[in-house]
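Participant: Okay, here's the prediction I keep looking at, along with the sequence it came from:
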Amino acid sequence: MRDFFASLFFGGTCFLCRGGSRGLLCEPCRAELPLLAAELCPRCALPAPAGAVCGRCLAEPPAYDATIAVLAYDFPADALVHALKFGGELALASFLGKLLLTKVSGRSVDRVVPVPLSAARLRRRGYNQAAEIARHVAPGKLDVDLCTRPLEAPAQVELPWDERRRNVRGAFRCRRGLGGASVAVVDDVMTTGATLDELARTLKRAGAARVVNWVVARTLPPS
């Protein structure tokens with residue numbers, strides 16, 4: 001069935017190289033996906049010796065408790081995320097969501113929450129890419145209406161890193177109490193972590209006992 005729909009949407013060609021493919025990506029392009037290494041900080045998913053908590057998270061613990069990411073935000077992962085986020089290629093949500101599912105399968109949480117968009121941005125884009133990915137990760141626990149983003153603000157990608165935290169301060173609202181629930185927050189890309197940190201603070205103020213990030217791609221520092 002997956003191969004049927006991939007052929008239907010993409011005409012039997014690989015989304016990336018446009019060569020012949022039975023699925024959304026051909027095997028060579030799939031093999032090029034930049035899977036993250038095992039030695040990552042369990043809190044922020046940046047490289048850390050022996051997979052220990054990194055110095056930054058020890059010195060300034062974020063509000064979220066853990067991060068699980070599948071890919072480095074590098075080619076061709078960045079091309080896939082960009083096409084979903086800005087190109088309307090919604091069939092990629094299934095591919096990326098199932099890729100994320102392979103990493104988080106078996107993890108127990110009470111609710112799964114996509115990072116919300118402001119109403120204005122949602123109208124312009126027509127969909128929330130984080131919500132579309134989350135539908136393929138844990139549909140039975142998905143709560144797309146739990147959190148809102150009342151104010152429109154400049155996109156994080158447009159700002160220097162040191163301004164991103166200020167840009168999202170107070171950006172989110174939680175509509176219901178969480179009463180000690182564990183919550184997984186789904187997003188397409190984690191860069192500085194400022195957005196996810198602010199959303200985790202909001203969820204914990206609403207009563208969440210634990211907040212973890214489930215993200216498709218993680219931006220890594222320059223090597």
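Facilitator: Received, thanks.

Participant: can you map out the helices along this structure?
Facilitator: 2-10, 27-31, 55-59, 77-87, 91-104, 119-125, 129-134, 161-168, 194-205 (DSSP state H).

Participant: lowest-pLDDT helix or strand in this protein?
Facilitator: Counting by mean pLDDT, DSSP states H and E, the weakest-scoring helix or strand in the chain turns out to be helix 2-10, with a mean of 46.

Participant: how about low-confidence regions in the chain?
Facilitator: By pLDDT under 70, the low-scoring segments of the chain are 1-11, 152-168, 223.

Participant: Okay, and the beta partners of the residue nearest the centre of it?
Facilitator: In the chain, the centroid-proximal residue (C-alpha atoms, centre = their mean) is Asp187; its distance is 2.1 Å. Note on Asp187: beta-bridge partners Val215, judged by DSSP bridges.

Participant: show me what contacts it?
Facilitator: Contact partners of Asp187, counting by C-beta atoms under 8 Å, 6 or more residues apart in numbering, are Pro114, Val115, Ala130, Thr195, Leu196, Asn213, Trp214, Val215, Val216. For the C-beta atoms, the positions are set from N, CA and C on the backbone; glycine is no exception.

Participant: Show the buried residues in these.
Facilitator: Pro114, Val115, Ala130, Thr195, Leu196, Asn213, Trp214, Val215, Val216 (16 or more other C-beta atoms under 10 Å).

Participant: any idea how far the fourth one is from Lys85?
Facilitator: Right, the one you point to is Thr195. Relative to Lys85, Thr195 is positioned 14 Å away (criterion: C-beta to C-beta, to the nearest Å).

Participant: Tell me how many other residues surround Thr148.
Facilitator: Using other C-beta atoms under 10 Å, Thr148 is surrounded by 16 other residues.

Participant: Count the neighbours of the residue nearest to it when sequence neighbours are not counted for me.
Facilitator: Leaving out its chain neighbours, the residue that sits closest to Thr148 by C-beta to C-beta, 6 or more residues apart in numbering is Arg173, at 4.9 Å. One way to gauge burial is a neighbour count; for Arg173, by other C-beta under 10 Å, it gives 14.

Participant: Spit out the contact partners of Arg173.
Facilitator: With contact taken as C-beta under 8 Å, 6+ apart, Arg173 is in contact with Cys147, Thr148, Arg149, Pro150, Thr202.
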